[in-house]
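S.K.: Show me how the following folds:
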Amino acid sequence: MNRRPAADDGPWDVVVVGAGAAGLMAALFAGRAGASVLLLETRPRPGAKIRVSGGGRCNVLPSAAAPADFHTSGSTASLRKILSSWSLAQVREFFAGDLGVPLKREADGKLFPRDDDPRRVVRGLLDACRAAGVSLWGERRVARVALRELPPRAGRGGGRDAPERGFALMAAGGATVACRRLVLATGGLSLPQTGSDGHGYALARSLGHSLMTPYPALVPLLSTDRRWAELAGVSLTATVSAARGGKVVARRQGSFLFTHRGFSGPVVLDMSRHATGPEGEATRLLARWGGAAAPAWDPLLRRGGARPLVALLSEHLPRRLAGRLVAAAGLDARARPADLDRARRLALVALLEACELPIAGSEGYGKAEVTGGGIPLAEIEPRTLASRVAPGLHLAGEMLDVTGRIGGFNFLWAWVTGRLAGEAAAHGAAPRLGG
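M.R.: Modelled structure (predicted):
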């Protein structure tokens, strides 16, 4: 049975800060590796983001994944190495076989609990943590972390080991906890109602880490152009491109939704980081309405005949959008393709094929599903997620400068990095376990 120190009874082998997806996984695998593990959570109940994700059903995983589904400002080789440490098939088997949470695949490729109950995911993780000897302390916010010299312990030969370096965690209210290895898995700034307030970034920086400026990602975008707000509720397939300096740097197709405040839908969320990230001011988002299945618009208009433009376009697009595009091109609603000269026809084609979305910010962290930016991958060792800056520290989940696209990819990142950091932290303390 793993040793469980009291608050003032010597150091824990591993302390994990943050009981979200990555933190629960880190604590579980550290406990299974034989370490004494304390899991600290600021909220009364762990797993808040798990319970609210996926429309309250928890999109646990994608059904397929590749490194291209993730973004980092750092090394893509490090990203690939981390992801390959635990394959998607192995993670899926862990949930279905180990935790007893069978998953179902939906038409869009997302995997959910078969009964659509996110609480089952949280319960499965908590039960597994309990079985692994993990202690969970809720409503414990870590105010400060400092390096600390730990007292020597009896060695395997009966003598005393040399002192070792560890960490002292000062919780709000004055309690202090000591540990040999520390895992920070506090999440980013997204969905602050779940307890994510970015405090983990401050803790990591206090130990010497730098920070890629955080920004909301997978977030609905705002527009001050009220003409588009009149289309609220209209949904269609679109291909959205991000262009900088006249060059397209990214492109994705998916469902696009007009809202009262701007633009949303999976394709907008996926592409939002290009507007909210560090190069957002230099980036234009362009929409091809109808996506790849749309007709070649210029030939369609040239042979469109005497039917009104709105009627012709409505065969391929929602009628309200067709009317708005005709108006935006400066054309009368009753105009016919035959009425157009070349300049006006090409102006309408430009709006159909590369319509610039007038972006004026985002819905912010309150609606963002994840946080972009974070601790640079260059500052961690990808095989263990150990800090290159503060020996004994490991980082996991949303704290790192990696974001996945919508559809369970960020949970996959959390599960994989949590396991990797937890096992590595326990193994880092292994030479002294049982000493």
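
S.K.: What about the most far-flung residue of the chain relative to its centre? Give its phi and psi, please.
M.R.: The centre of the chain is farthest from one residue, Ala306, which by Cα atoms, centre = their mean lies 49.8 Å away. The phi/psi pair for Ala306 (degrees, to the nearest 10) reads phi -100, psi 0.

S.K.: Next: Gln193.
M.R.: phi -70, psi -20.

S.K.: where's it relative to Ala27, distance?
M.R.: 23 Å (Cβ to Cβ, to the nearest Å). The way it works is simple: take the backbone N, C-alpha and C, and place the C-beta from them, glycine included.

S.K.: Kindly report the same for Arg181.
M.R.: 12 Å.

S.K.: list the residues that contact both of these two?
M.R.: Counting by Cβ atoms under 8 Å, 6 or more residues apart in numbering, the shared contacts of Arg181 and Ala27 are Val14.

S.K.: higher neighbour count, these two?
M.R.: Ala27 (35 against 28; other Cβ atoms under 10 Å).

S.K.: Tell me which helix or strand comes right after the strand or helix carrying that one.
M.R.: In the assignment (DSSP states H and E), Ala27 maps to helix 21-32. Later in the chain than helix 21-32, the nearest helix or strand by DSSP H and E is strand 37-40.

S.K.: counting contacts, what elements does that following strand pack onto?
M.R.: strand 12-17, helix 21-32, strand 135-137, strand 176-184 (3 or more Cβ pairs under 8 Å, 6 or more residues apart in numbering; DSSP states H and E).

S.K.: relative to strand 176-184, how tilted is the helix holding Ala27?
M.R.: 110 degrees (axes from the mean of the first three to the mean of the last three Cα atoms, to 10 degrees).

S.K.: What is helix 21-32 packed up against?
M.R.: If contacts are counted by 3+ Cβ pairs under 8 Å, 6+ apart, helix 21-32 sits against strand 12-17, strand 37-40, helix 118-131, strand 176-184, helix 409-429.

S.K.: Beyond the second one, next helix or strand please.
M.R.: It refers to strand 37-40. Counting by DSSP H and E, what follows strand 37-40 is helix 48-56.

S.K.: Given the helix or strand just after that next one, what are its sheet partners and their directions?
M.R.: Using DSSP H and E, the next helix or strand after helix 48-56 towards the C-terminus is strand 61-62. When sheet partners are counted by DSSP bridges, strand 61-62 sits next to strand 110-113 (antiparallel).

S.K.: What is the neighbour count of Leu61?
M.R.: Neighbours of Leu61 using other Cβ under 10 Å come to 23.

S.K.: tell me the pLDDT at it?
M.R.: pLDDT recorded at Leu61 is 98.

S.K.: same thing with Leu321?
M.R.: Looking at Leu321, the pLDDT reads 98.

S.K.: With Gly195 instead?
M.R.: Gly195 is given a pLDDT of 86.

S.K.: need the contact list for Glu139.
M.R.: Contacts of Glu139 (Cβ under 8 Å, 6+ apart): 41-44.

S.K.: Sorry, slip of the keys, the one I care about is Phe411.
M.R.: Taking Cβ under 8 Å, 6+ apart, one finds 21, 53, 59-61 in contact with Phe411.

S.K.: Identify, from those residues, the entry nearest to Asp341.
M.R.: Asn59 (49.4 Å; Cβ to Cβ).

S.K.: got a list of what the closest residue to the closest one other than its chain neighbours touches?
M.R.: The shortest distance from Asn59 to any non-neighbouring residue, by Cβ to Cβ, 6 or more residues apart in numbering, is to Gly408 (4.4 Å). For Gly408, the contacting residues are 54, 59-62, 110-111, by Cβ under 8 Å, 6+ apart.

S.K.: For Leu88, which non-adjacent residue is closest in space?
M.R.: Nearest to Leu88 is Ala65, by Cβ to Cβ, 6+ apart, at 5.1 Å.

S.K.: so which strand or helix has that neighbour?
M.R.: Short version, using DSSP H and E: Ala65 is in no helix or strand.

S.K.: One more: Ser73?
M.R.: Per DSSP H and E: nothing holds Ser73, as it lies in no helix or strand.

S.K.: ok, it - contacts?
M.R.: Residues in contact with Ser73 (Cβ under 8 Å, 6+ apart) are 212, 373, 376, 401.

S.K.: Distance to Val249, pLDDT and neighbour count for those - can I get that in CSV?
M.R.: Formatted as CSV, the contacts of Ser73 follow (distance: Cβ to Cβ, whole Å; pLDDT from 0 to 100; neighbours: other Cβ atoms under 10 Å):
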residue, distance to Val249, pLDDT, neighbour count
Met212, 18, 97, 19
Gly373, 18, 98, 24
Pro376, 21, 98, 19
Asp401, 18, 98, 23
